[in-house]
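Engineer: with the sequence up front, the predicted model follows.
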Amino acid sequence: MALLEVNNLDVRFALRQGEVHALRDISFSLERGERLGIVGESGAGKSVAAFSLLNLIAKPGFIAGGTVNFDGQVLNRMSERGLRKVRGNRVSMIFQDPMMTLNPVLSIGEQMVECLKAHRRISSKEARAIALDKLRQVQIPSPDKRLDQYPHELSGGMRQRIIIAIALLLDPDIIIADEPTTALDVTIQAEIMALLLELCEEHNVGLILITHDLGVVSQVTQRMLVMYAGRVIEQGPTREIINDPQHPYTQGLINALPQMATPGERLNQIRGSMPSLSNLPSGCAFHPRCDFINRADGQPRPACTQQVPEFVQSGNCRVACHMVAEMLEDRRLKEETS
Amino acid sequence: MSAHAEAITESHTPTPRQNEESADSLLQIRDLKKRFSLSGDFLDQLRFKGGKLVRHQEHVHAINGVNLDIKRGEALCVVGESGCGKSTVARTVMGLLTPTEGEIRYDGNRIDNLSSRQLLPYRKRMQMIFQNPYASLNPRMTIQQTLEEPLRLHHPDWKRPQILDKVEEVMRSVGIDPDWGKRFGHEFSGGQRQRIAIARALAVDPEFIVADEPISALDVSIQAQVLNLLMEAQQERNLTYLFITHDLAVVEHFGTRVAVMYLGTVCEIATTATLFEKPRHPYTQALLSAIPRLKDDRPQHIRLTGEVPTPVNLPSGCVFHGRCPYANARCKQEIPVLQTQDDGTRVACHAVEEGRL
């Protein structure tokens, strides 16, 4: 069994206007030391997915179904007390904005020691030594000086390094990183991503990387999920999805990148925008924007507008699309007849 | 030809072209400097030091001597990391900030020292698109009102039907249904809001548009839509763009020429193709290698060490020397100036000049 197994996770938000289905039927697994990317546009539900893994969904949100199995424990059925032993200890998180995650009134050292002492029975002196060692690992210049500094005294890139050091503090099995480099500049972003990758490989830590940047995902992760309107629409090995995307949305997303077009030419845009979760279209949520809802004979495929697509296996990838299903079915029939 | 022009001919070979260039440039920025005071007003600046009352002032040196020429019909992209002064350049060009030193000439006329009344005819010819469409649309105005406002201001003689026609035309041209005019900004998605902001800029038929990170707040699939719209508008209306961005992939696609800025100075200007093929300045090289690409077959990334220094205390010499792998003693003392290379690229780097790189 994999280290982390998510089965049919379903998250809803009970709002006054009615229930919003934020996450439907998410399933994936993560082996020890594996790196998984979750890609999607804002509002696709990728952050909700990350938060729900550690049962960090705040009211009015709740996990309505499915399980999160981590190392033999079902996290979404655990008590708060039990969860606290997992959070930050065996599974830690890195958030987008380092200024929001660091406590502005505590020095870096105090925050790190606090975290260590909450999970282990060690003296402050020992904790400080571990903290110092972790700061060295994230290549912070003069780490002993940094321990007594406050977050505002450090630059954005430095703060994100500290966050990574804190995430690594208790030698976790998995790090969940929610857009860890989005708030940073391009050159700093490259440094931080390279550092994170290096440390994960060195300590054999699993990484769940949530981002909207397909470039980062393709460089860092081994497998990926593409999310759209609260659902996974394609999942599989990163290389295969990037090189040969099956779902029309994934294709559109990759082709819309400026680097995929000849300079000066029109970009291949996806028309329209993502529907809001409270007002999803019928059938496949992507169908109003999809260029492939017509069949080979020119007639629109009724399933696209009426039926939510099931996952089909296509090579090593799983794709939720009627068009792909039909194509695979056609191919299978042809092979059978020949 | 004047004696002055001849003197230039002797020193630089491609001069006849250079002369032409300055003739058809729409906007010229000369030795632009902008400082922002950090010290508050006069009373805040007073400090006791050694028993005496002294005036203590600190400045952010946002731009330190920028020279740029924007030619008619081109899209000049300014790239750089946060705090490099690219937005300050945009705002100073638009007259939203007054430069501390230097000149801005639009179509040959100096515009940086004009009063807002004198600037009005220029404001009709140059328009701006801002980064955040959630902040740049007035939440208390309907889309119709938002789009009518610039027309009323710049065409006081227009009758109502004429204004309505223009609003409808401009809404159609950006792909917004004219029936949505009664709605307010918050009823639209980010991409649609940015379309409305573009429509507002296009309403007065400008010839020059300053776009300050117009797509960075948008999602990937929407970014492509807005970028296509900007490119269509450029072709149809023969617009000139000053395009500010930090996203080099966008620059590669959109820009005619690129100026790379670092800490308030321009370190390299080149045509887009040349810059991406053959980046000269060490900072440009690092910046290009840091773009996460989908299909990566490039050699090892250049990893810069250290952080961008603060623009409050500028480093001596080349502003990049603290992070530059090629820096030597000269770089720490002498400020490099932009020098034209054989293919027209202009680079401010001692290492390139000395042939060390």
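Structural biologist: Received the coordinates, thanks.

Engineer: list the buried residues in stretch A:105-122.
Structural biologist: A:107-113, A:115-116 (16 or more other CB atoms under 10 Å in any protein chain shown). C-beta coordinates here come from the backbone N, C-alpha and C atoms, glycine included.

Engineer: quick one: contacts for the residue of the stretch 201-338 of chain A found nearest chain B?
Structural biologist: Using CB to the nearest CB, the single residue of the stretch 201-338 of chain A nearest to chain B is A:Gly215, 3.0 Å away. Listed by CB atoms under 8 Å, 6 or more residues apart in numbering or on different chains, the contact partners of A:Gly215 are A:257, A:259, B:291-294.

Engineer: again with B:Val167
Structural biologist: Contacts of B:Val167 by CB under 8 Å, 6+ apart are B:144, B:147-148, B:151, B:178, B:181, B:203.

Engineer: so how far is B:Ser173 from B:Thr142?
Structural biologist: 19 Å (CB to CB, to the nearest Å).

Engineer: swap that for A:Gln235, please
Structural biologist: Taking CB to CB, one finds A:Gln235 at 40 Å from B:Ser173.

Engineer: phi, psi of B:Leu114?
Structural biologist: phi -80, psi 150 (degrees, to the nearest 10).

Engineer: tell me the contacts of it?
Structural biologist: Counting by CB under 8 Å, 6+ apart, B:Leu114 has contacts B:95, B:122.

Engineer: which parts of the stretch 201-350 of chain B sit against chain A?
Structural biologist: B:219-225, B:227-228, B:231, B:246-250, B:252-254, B:272-273, B:286-287, B:289-296, B:301, B:303-304, B:307-308 (CB under 8 Å from any CB of the partner chain).

Engineer: looking at the contacts of A:Gly215, which is nearest A:Asp97?
Structural biologist: Nearest to A:Asp97, judged by CB to CB, of these is B:Pro292 at 19.8 Å.

Engineer: doesn't that closest one lie inside a helix?
Structural biologist: No - B:Pro292 is assigned coil when assessed by DSSP: H, G, I helix; E, B strand; the rest coil, not a helix.

Engineer: so the closest residue to chain B within the stretch 1-150 of chain A is in which element?
Structural biologist: Nearest to chain B in the stretch 1-150 of chain A, going by CB to the nearest CB, is A:Glu41, at a distance of 3.9 Å. Using DSSP states H and E, A:Glu41 maps to neither a helix nor a strand.

Engineer: assign residue 232 to helix, strand or coil.
Structural biologist: Using chain A here. Quick answer, by three-state DSSP: A:Val232 is strand.

Engineer: ah, I was thinking of chain B
Structural biologist: B:Glu232 ends up helix, using three-state DSSP.

Engineer: pull the number of nearby residues for it.
Structural biologist: Using other CB atoms under 10 Å in any protein chain shown, B:Glu232 is surrounded by 14 other residues.

Engineer: next up, the contacts around it.
Structural biologist: B:Glu232 touches nothing, counting by CB under 8 Å, 6+ apart.

Engineer: what does the stretch 1-150 of chain A put close to chain B?
Structural biologist: Near chain B, when you scan the stretch 1-150 of chain A using CB under 8 Å from any CB, you find A:41-42.

Engineer: can you map out the strands along the stretch 1-150 of chain A?
Structural biologist: Assigned by DSSP state E, counting those that start in this stretch, the strands in the stretch 1-150 of chain A fall at A:4-15, A:18-30, A:35-39, A:61-70, A:73-74, A:91-94.

Engineer: next: the stretch 51-200 of chain B.
Structural biologist: B:52-55, B:59-71, B:75-79, B:101-106, B:109-110, B:126-129.

Engineer: can I get those in TSV including mean pLDDT?
Structural biologist: Converted to TSV, the strands of the stretch 51-200 of chain B look like this (pLDDT from 0 to 100):
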stretch	mean pLDDT
strand B:52-55	85
strand B:59-71	91
strand B:75-79	94
strand B:101-106	92
strand B:109-110	91
strand B:126-129	94
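
Engineer: of all those, which one comes closest to B:Asp212?
Structural biologist: Here strand B:126-129 is closest among the strands of the stretch 51-200 of chain B (CB to CB), at 6.9 Å.

Engineer: could you check whether stretch A:171-188 is close to chain B?
Structural biologist: Yes - under the criterion of CB under 8 Å from any CB, chain B is reached by stretch A:171-188 at A:185-188.

Engineer: hmm, which two among those are most spread apart?
Structural biologist: Taking CB to CB as the measure, the residues of stretch A:171-188 next to chain B have their most distant pair in A:Val186 and A:Ile188, spaced 7.4 Å apart.

Engineer: okay, and the common contacts of those two?
Structural biologist: Going by CB under 8 Å, 6+ apart, residues that sit against A:Val186 and also against A:Ile188 are B:Glu81.

Engineer: so what secondary structure elements neighbour the helix or strand of chain A with the lowest mean pLDDT?
Structural biologist: None of the helices or strands of chain A scores lower by mean pLDDT, DSSP states H and E than helix A:98-101, at a mean of 81. Helix A:98-101 makes packing contacts with helix A:156-168 when contacts are defined by 3 or more CB pairs under 8 Å, 6 or more residues apart in numbering or on different chains; DSSP states H and E.

Engineer: could you confirm whether the helix it packs on reaches chain B?
Structural biologist: Yes - Helix A:156-168 is in contact with chain B by CB under 8 Å from any CB, via A:157-158.

Engineer: now that helix: how far from the chain's centre is it?
Structural biologist: 19 Å (CA atoms, centre = their mean, to the nearest Å).

Engineer: for it, packing partners?
Structural biologist: Helix A:156-168 packs on strand A:91-94, helix A:98-101, helix A:108-119, helix A:124-137, strand A:174-178, helix A:186-203, going by 3+ CB pairs under 8 Å, 6+ apart.

Engineer: which stretch in these has the least confidence?
Structural biologist: Note on the helices and strands packed on helix A:156-168: lowest mean pLDDT is at helix A:98-101, with a mean of 81.

Engineer: just the buried residues of that helix, please?
Structural biologist: So, applying 16+ other CB under 10 Å, buried residues of helix A:98-101: A:98, A:101.
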